[in-house]
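[1] here you go, sequence then predicted model.
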Amino acid sequence: GLFARGGVLWNPVVDLPAMLGTTDIPEWVSAEGLRGDAAAASATWPLSVDTLLELHKRSPLSVIERVEAPALMLLGAADQRVPHKQGRSWVSALQQAHLRTGTGGKAHKLDLTALEFPGEGHAIASVEGNAHAQQSAVAWLVERLSDKGAKSGS
């Protein structure tokens, strides 16, 4: 399918509990992470252990073992909204998961690229940084979504 060919993650949130102490908007974590949950309306600080466990269950890191799709990570090194350590955690966890649980019981290397932009915030907003990020994303997607990429399984 289309999603199996890959995706671009631009300063992604991957670990909601870890975001609480590192983001400039910790209230967003409970508001979005617990959306649709009655606990979100009544969440008080500090969050309970049960609430933290629920946030973990709703985090992409909790399903890392099931991720097979190639990915391009674009990370602003000075991002205060979603600190770049979120993306670095994803890369590290994904690499470790695939060393442990490769397809057919054999470890394999997943197609994973991370680009970090020094001095850039959440939007990667400088003219040079933004142009590089967008050009990299488009080139990466074109390569994987082309007929050649589809036939080779990348």
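    Perfect, thanks for sending it. Residues are numbered from 1 along each chain as shown.
[2] hang on, residue 113 in a strand?
    Yes - under DSSP: H, G, I helix; E, B strand; the rest coil, residue 113 falls within a strand.
[3] pLDDT at it, what is it?
    In this model, residue 113 is scored at 93, pLDDT.
[4] who's in contact with it?
    71, 72, 73, 140 (C-beta atoms under 8 Å, 6 or more residues apart in numbering). In this view, the C-beta of every residue, glycine as well, is placed from N, C-alpha and C.
[5] would you show me how to pick out the buried ones of those residues in PyMOL?
    To isolate the buried ones among the contacts of residue 113 in PyMOL, judged by 16 or more other C-beta atoms under 10 Å, type:
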select buried, resi 71+72+73+140
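[6] for residue 44, state which of the contacts of residue 113 is nearest.
    When the contacts of residue 113 are ranked by distance to residue 44 (C-beta to C-beta), residue 73 comes first, at 33.6 Å.
[7] the nearest residue to that closest one once chain neighbours are set aside: neighbour count?
    Distances taken as C-beta to C-beta, 6 or more residues apart in numbering place residue 114 nearest to residue 73, at 4.0 Å, with adjacent residues excluded. Per other C-beta atoms under 10 Å, the neighbour tally for residue 114 reads 16.
[8] where does the prediction get shaky in the protein?
    Along the chain, the model assigns pLDDT under 70 to residues 1-3, 36-43, 100-108, 147-154.
[9] what segments of it are strands?
    7-10, 71-76, 112-117 (DSSP state E).
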